[in-house]
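In: quick one: sequence plus predicted model below, questions after.
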Amino acid sequence: MRPALPIAVRAVLLLVLLSSTASVLYVTYRNTRNARSLAVLSLESTALGLSSSAENALRASGKGSAGEIREILSDRVVAYALIAGGDGTILFHTNPRMAGATLPEAGLERWLHSGGGFGRRVTLGTGLPAYEYNYILHHPDGTPELLRIVLHTAAADRILSDARTMWWTVAGVLALLWAAGILLERLFARQLRLAVEVERRERLSLIGQMTASLAHEIRNALGSIKGFVQLDEEKKKAADHHNGTVSPVLRGIGRIESLVNDLLIFSREETYESRPVDVAPLVREALETDASRWGGSVELSIPPGIRARADREKMRRVLANGIRNAVESMRDGGALRITAGEEDRRIAIRIEDEGPGIPEEERARLFTPFHTTKTDGTGLGLAYSRKVVEGMGGTIELSNRKEGKGAILSILLPSAEGAGHA
């Protein structure tokens, strides 16, 4: 799969999530606003209906009877109602004891002659919310009076409360939507990694089959050439002839033999005899093999009792290759540091050097077979190390040090103790 495709799929998934979120939020906002408008409209409609009924009763009976108006305004949604004249005197009140009192509003008479009805939110003396609606009553003789109806807002507030609750429901739905989207992206990325890994292993298997066949043919041919050259050299020695011209040929043959052996080791189908292995002796053994003649310093930090579950011989080759690469990167001087310890029930082994580090453009191809930055390297050491470390259930990574120059080879293997308890 092309690298651009996962990015495109993630972009489409993100666009779908964002557009869905925006649509849901917009619809919820519109519904909330409509609910708020409906709540206010229902209060206004109720107040206006009661006001019209009271006005009709007044017109039908001249000044109207207090009992008839009281009956109209006895609806349970009415907190209280009153009728006041232009001077503010209360002519009628649903609470008879308030009749004759004076309203504190200023400019009431001017409003009665020029204004229209209006409503507003208020709070009762009991602390409960209410809706106050002021309506102008017009008597048959043209005298205006104020009709004030104060309604309980429990039903309207319930509508607003349901609208606010809807936001929490929408938030939960959106959270589930995004969680599902993220989970889908993770599953897709995992499937992609698995597909890439399967493709890589199939490619390595094909390379292994090809190289194994070639290596066997090359080794057979080299055996004949080497035997002939050695026989020729022995004849020249016996005849006391100069034999300097044959030595480069033998060195070249040795170099080719080494390459062929690396090819055979890399290409063969591995079987693993994983068992508890003491890390410290294995590291010292690898050091004696590949760093015994090196002129730099070596620092070991491996606590006793650190044991990994691995194939001992294959792990020794991996450590030897890592130490050899680190030493060769520092040439004749520097410090080689090897540490080991337990991390999250796994054994972490790190080989640090003070060489030039890994160029950024080379990092993506470090473990690719036949890719090497050395003039005389085969490019199979790291590829083989990754192959067997992963075969033993571990991981391997080569990165640059965060402080100072140099590189770190990190190997993580299953812990022998953790595997035994599992």
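Out: Here it is on my side, so go on.
In: residue ranges for the helices of the chain, please.
Out: Ranges of helices in the chain, per DSSP state H, are 4-60, 66-72, 108-114, 154-238, 247-267, 279-290, 312-330, 381-391, 416-421.
In: just the buried residues of stretch 152-161, please?
Out: His152, Thr153, Ala156, Leu160 (16 or more other Cβ atoms under 10 Å). In short, each C-beta sits where N, CA and C put it, glycine included.
In: max pairwise distance over the residues you listed: which two?
Out: Greatest spacing in these, by Cβ to Cβ: His152 and Leu160 (14.0 Å).
In: ok, now how distant is Gly334 from Leu41?
Out: Counting by Cβ to Cβ, to the nearest Å, the gap from Gly334 to Leu41 is 83 Å.
In: next one: Lys226
Out: Here the criterion is Cβ to Cβ. By it, Lys226 lies 102 Å from Leu41.
In: of the two, which one has the most company?
Out: Neighbour tally, Lys226 and Leu41, criterion other Cβ atoms under 10 Å: the higher count belongs to Lys226, 17 against 12.
In: okay, now Ala291: neighbour count?
Out: 18.
In: correction: the previous question concerned Ala308.
Out: For Ala308, using other Cβ under 10 Å, the count is 30.
In: contacts for stretch 94-113, please.
Out: Under the contact criterion Cβ atoms under 8 Å, 6 or more residues apart in numbering, stretch 94-113 has outside partners 70, 73-74, 78, 80-82, 84, 86-93, 136, 144-146.
In: swap in stretch 169-184?
Out: For stretch 169-184, contacts defined as Cβ under 8 Å, 6+ apart pick out Leu13, Leu14, Val16, Leu17, Ser20, Thr21, Val24, Leu25, Thr28.
In: break this structure down into its domains, please.
Out: In terms of domains, the chain is parsed into 4-152, 160-264, 270-421 (source: automatic domain parsing).
In: looking at those, which is buried most?
Out: Highest mean neighbour count among those (mean count of other Cβ atoms under 10 Å): domain 270-421, with a mean of 17.
In: could you measure from Arg148 over to Ala81?
Out: The spacing between Arg148 and Ala81, counted by Cβ to Cβ, is 7 Å.
In: looking at the most centrally placed residue in the chain now. What's its pLDDT?
Out: For the chain, the residue nearest the mean C-alpha position is Ile182 (7.2 Å; Cα atoms, centre = their mean). Ile182 is assigned 89 on the pLDDT scale.
In: quick one: the residue nearest to Phe188 when sequence neighbours are not counted and Trp178, what's the gap?
Out: Spatially, and ignoring its direct neighbours in sequence, Phe188 is nearest to Val9 (6.6 Å; Cβ to Cβ, 6 or more residues apart in numbering). From Val9 across to Trp178, the span is 17 Å (Cβ to Cβ).
In: likewise Ala348?
Out: To Trp178, Ala348 is 35 Å away according to Cβ to Cβ.
In: Glu397 now?
Out: 32 Å.
In: one more: Leu231?
Out: 77 Å.
In: try Thr165
Out: As judged by Cβ to Cβ, Thr165 and Trp178 stand 21 Å apart.
In: again with Lys314
Out: In terms of Cβ to Cβ, Lys314 sits 45 Å off from Trp178.
In: repeat that for Ala308.
Out: Separation of Ala308 from Trp178 (Cβ to Cβ): 41 Å.
In: same check on Thr143?
Out: As for Thr143, its distance to Trp178 is 65 Å (criterion: Cβ to Cβ).
In: kindly report the same for Glu361.
Out: 37 Å.
In: cool, and Glu234?
Out: 79 Å.
In: what of Ala364?
Out: To Trp178, Ala364 is 32 Å away according to Cβ to Cβ.
In: now swap in Gly295 and tell me
Out: 58 Å.
In: do Val283 as well
Out: 47 Å.
In: ok, now Val389?
Out: As judged by Cβ to Cβ, Val389 and Trp178 stand 37 Å apart.
In: I'd like the buried residues of stretch 152-161 laid out as a markdown table, including distance to Ile338.
Out: What follows is those, written out as a markdown table (distance: Cβ to Cβ, whole Å):
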| residue | distance to Ile338 |
| --- | --- |
| His152 | 81 |
| Thr153 | 77 |
| Ala156 | 76 |
| Leu160 | 69 |
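In: using CSV, lay out those residues together with distance to Tyr272 and pLDDT.
Out: Shown next, in CSV, are those (distance: Cβ to Cβ, whole Å; pLDDT from 0 to 100):
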residue, distance to Tyr272, pLDDT
His152, 80, 90
Thr153, 77, 88
Ala156, 75, 85
Leu160, 69, 84
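In: and which of the residues you listed is nearest to Asn325?
Out: Leu160 (71.1 Å).
In: quick one, what contacts the closest residue in space to Ile306 that isn't next to it in sequence?
Out: Nearest residue to Ile306, sequence neighbours excluded (Cβ to Cβ, 6+ apart): Val279, at 4.6 Å. Counting by Cβ under 8 Å, 6+ apart, Val279 touches Ile302, Ile306, Arg307, Ala308, Ala340, Ile347, Ile349.
In: so of these, which ones are in strands?
Out: Those of these mapping onto strands are Arg307, Ala308, Ala340, Ile347, Ile349, per DSSP state E.
In: let's have those in TSV, adding distance to Gly322.
Out: Formatted as TSV, the ones in strands among the contacts of Val279 follow (distance: Cβ to Cβ, whole Å):
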residue	distance to Gly322
Arg307	19
Ala308	14
Ala340	12
Ile347	15
Ile349	9
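In: what two of the residues you listed have the greatest distance between them?
Out: Arg307 and Ile349 (11.8 Å).
In: on that earlier part again, how much space between the residue nearest to the centre of the chain and Ala335?
Out: According to Cβ to Cβ, Ile182 stands 44 Å off from Ala335.
In: for Arg309, same thing?
Out: Arg309 is 30 Å from Ala335, by Cβ to Cβ.
In: with Glu313 instead?
Out: 28 Å.
In: same question for Leu58.
Out: 105 Å.
In: show the pLDDT at Glu342.
Out: Confidence score, pLDDT, at Glu342: 91.
In: partner residues bridging the nearest residue to it once chain neighbours are set aside?
Out: Take Glu342 and drop its neighbours on the chain: the residue closest to it by Cβ to Cβ, 6+ apart is Ser415, 6.0 Å away. Assessed by DSSP bridges, Ser415 has beta-bridge partners Ala308.
In: contacting residues for Ser415?
Out: Arg307, Ala308, Arg309, Glu342, Arg345, Arg346, Ile347.
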